[in-house]
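>>> this one's structure only:
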């Protein structure tokens, strides 16, 4: 049974930092490209960062230079270090694996509960 459990969110002031974690189980984590998504109220869920099994990373333009994705295959965990947070980064953050057969970035598993990030003074 696949599980994706996100944690590490919270309330932070603009300019602050948070580190999110996603503990994965039930699948071959080390073989999967993993990604972090976010969904703000009234907006579509968007992919913000991804990391391949070979640790190549990719970021959406709005977070480049501020966010950093990493993984620990021994712990089946993917991380998102978020620095210089802005109010527009506020959202529920989710992780997922990339569908191995899809041409583009398509989430593979059912979503976890996500972790709420609030950026406010």
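Received, thanks. Please read these numbers as outputs of a predicted model, since none were measured by experiment. Numbering: from 1, shown residues only.
>>> and residue 15, how many neighbours?
11 (other C-beta atoms under 10 Å). (Each C-beta comes from the backbone N, C-alpha and C, glycine too.)
>>> state the distance from residue 46 to residue 89.
Between residue 46 and residue 89 the computed distance is 11 Å (C-beta to C-beta, to the nearest Å).
>>> any residues in contact with both of the two?
residue 38 (C-beta atoms under 8 Å, 6 or more residues apart in numbering).
>>> surely residue 2 and residue 111 touch.
No - Residue 2 is beyond contact range of residue 111, at 10.6 Å (criterion: C-beta atoms under 8 Å).
>>> and the pLDDT for residue 50?
Note for residue 50: predicted pLDDT of 97.
>>> re earlier: residue 46 and residue 89: which has the busier surroundings?
residue 89 (22 against 13).
>>> ok, that one - contacts?
Residue 89 sits next to 38, 63, 82, 117, 119 when contact means C-beta under 8 Å, 6+ apart.
>>> if you set the cut-off to 7 Å instead, what comes out?
Under the criterion of C-beta atoms under 7 Å, 6 or more residues apart in numbering, the neighbours of residue 89 are 82, 117, 119.
>>> and what of residue 58?
If a contact means C-beta under 7 Å, 6+ apart, then residue 58 has 49, 50 as its contacts.
>>> can you tell me how far it sits from residue 48?
10 Å.
>>> strands of this protein, start to end?
Secondary structure of the chain (DSSP state E): strands located at 3-7, 10-12, 18-25, 34-39, 46-51, 57-59, 67-72, 77-82, 91-97, 115-119.
>>> show me what the last one is packed against.
Of the remaining helices and strands, those touching strand 115-119 by 3 or more C-beta pairs under 7 Å, 6 or more residues apart in numbering; DSSP states H and E are strand 91-97.
>>> which strands and helices lie in contact with the strand it packs on?
strand 3-7, strand 34-39, strand 115-119.
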